[in-house]
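> next input, structure requested:
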Amino acid sequence: MGFGLNITLGLAGLLDLGFVAFFAVGAYTVGLFTSLSELGLFTDSQCLALWDGFAVCPQSFWFAVPLAILLAMAFGAFLGLPILGIRGDYLAIATLGFGEIIRILAGSDLLLPWLGGPQGVINIPKPIDAPPGTPLAGATQIYYIGLVCAAVIWFVAIRLRDSRLGRAWIAIREDEDVAEALGVSLVQTKLLAYMLGAAFAGLGGAVFAGLIGSVFYTDINLFVSINVVALIIVGGMGSFPGVVVGAIFLIGLPELFREFAEYRFLFYGMALIAMMIYRPGGLLPSKIAQRELHVPDAVAPTDPGMVPVGERGA
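Predicted coordinates:
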């Protein structure tokens, strides 16, 4: 989720407080498609066995992940199109409402036959049916899958940032009016930011569903979105190494204060405030932001006959 929101917020400057909705779309897509055999829609005979312990079935994790990414992108477009002209606080409120709509729908009776309502989707199988005792047995396989996914997303995100599209995102973040005057298509560029950020979040939700083995609508809450926004700010806006550092900081810090159960979030909040005061650019600010904040020293004129404009005589 952090890499995805770093595109939407860190590069394009579009605050999304309902970003957890795309995460939920990815998680529920995996949960739904891995339950198709229980619904009687598909059987194991329709699986394509590639090697021992690994097969692609209509109800398998590997079949569901691409669908989760595509559906998350579709929801990103669905959210992005109506709110492309909204800025500032109104944008945050609109995205917050979208996240709440997804949460309420996931726990409602309307989608109960598919999403399970309050009972959620359970018994999601592991991606690889590895024998016990092997290196890929249990949660270890999810660790490696998550590591590979994070590396791929990091590479893609860096390439996007350094591309023409990434420069357009940064231009929009700095000043939309100037970016539009320079020929940047605001509608298309913002929409791509929402869709690509949603795709990364959908992939994160798919991996989460495979790790936990269940998805509940209570996993979709505002605190998750705010936490991801916080790790983007803590790590450094637009900095992808900062996303990793911010995640370690925000996940590890509450664990350090676990012994102080009543005050752990108080210490957590105080640490965040202190960091915002003393490191407003984040722990690892992006090089682009550092160049923007750096004021070069005045360069002395190389020609002895040249004098600064303000020092010329009348």
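
> which parts of this protein are helices?
2-5, 20-33, 61-80, 88-106, 112-115, 140-162, 164-174, 176-181, 186-212, 222-235, 240-256, 264-278, 287-293 (DSSP state H).

> got the angle for the longest one vs helix 61-80?
Here the directions of helix 186-212 and helix 61-80 differ by 140 degrees (axes from the mean of the first three to the mean of the last three CA atoms, to 10 degrees).

> packing partners for helix 186-212?
Identification of packing neighbours for helix 186-212 by 3 or more CB pairs under 8 Å, 6 or more residues apart in numbering; DSSP states H and E yields helix 2-5, helix 20-33, helix 61-80, helix 140-162, helix 164-174, helix 176-181. For glycine as for every other residue, the C-beta is placed from the backbone atoms N, C-alpha and C.

> now these as JSON lines including mean neighbour count?
Shown next, in JSON lines, are the helices and strands packed on helix 186-212 (neighbours: other CB atoms under 10 Å):
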{"stretch": "helix 2-5", "mean neighbour count": "26"}
{"stretch": "helix 20-33", "mean neighbour count": "28"}
{"stretch": "helix 61-80", "mean neighbour count": "21"}
{"stretch": "helix 140-162", "mean neighbour count": "15"}
{"stretch": "helix 164-174", "mean neighbour count": "19"}
{"stretch": "helix 176-181", "mean neighbour count": "13"}
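
> which one of the helices of the chain has the lowest average pLDDT?
Least confident of the helices of the chain, judged by mean pLDDT, is helix 287-293 with a mean of 57.

> tell me how far G117 lies from R279.
As judged by CB to CB, to the nearest Å, G117 and R279 stand 43 Å apart.

> who has more neighbours, these two?
More crowded of G117 and R279, by other CB atoms under 10 Å: G117, with 16 against 13.

> follow-up on the earlier one: in CSV: the helices of the chain, plus distance to G13.
Below are those laid out as CSV (distance: least, CB to CB, whole Å):
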stretch, distance to G13
helix 2-5, 12
helix 20-33, 18
helix 61-80, 14
helix 88-106, 10
helix 112-115, 33
helix 140-162, 13
helix 164-174, 3
helix 176-181, 9
helix 186-212, 9
helix 222-235, 11
helix 240-256, 16
helix 264-278, 18
helix 287-293, 12
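
> out of these, which gets nearest to N123?
helix 20-33 (9.2 Å; CB to CB).

> what about the closest one, distance to the chain center?
Relative to its chain's centre, helix 20-33 lies at 14 Å (CA atoms, centre = their mean, to the nearest Å).

> quick one: that helix to helix 186-212, angle?
50 degrees.

> for helix 20-33, packing partners?
helix 61-80, helix 88-106, helix 112-115, helix 186-212, helix 222-235.

> elements contacting the third one?
For helix 112-115, the elements it packs on are helix 20-33, judged by 3+ CB pairs under 8 Å, 6+ apart.

> if you set the cut-off to 10 Å instead, what comes out?
Judged by 3 or more CB pairs under 10 Å, 6 or more residues apart in numbering; DSSP states H and E, helix 112-115 is in contact with helix 20-33, helix 88-106.
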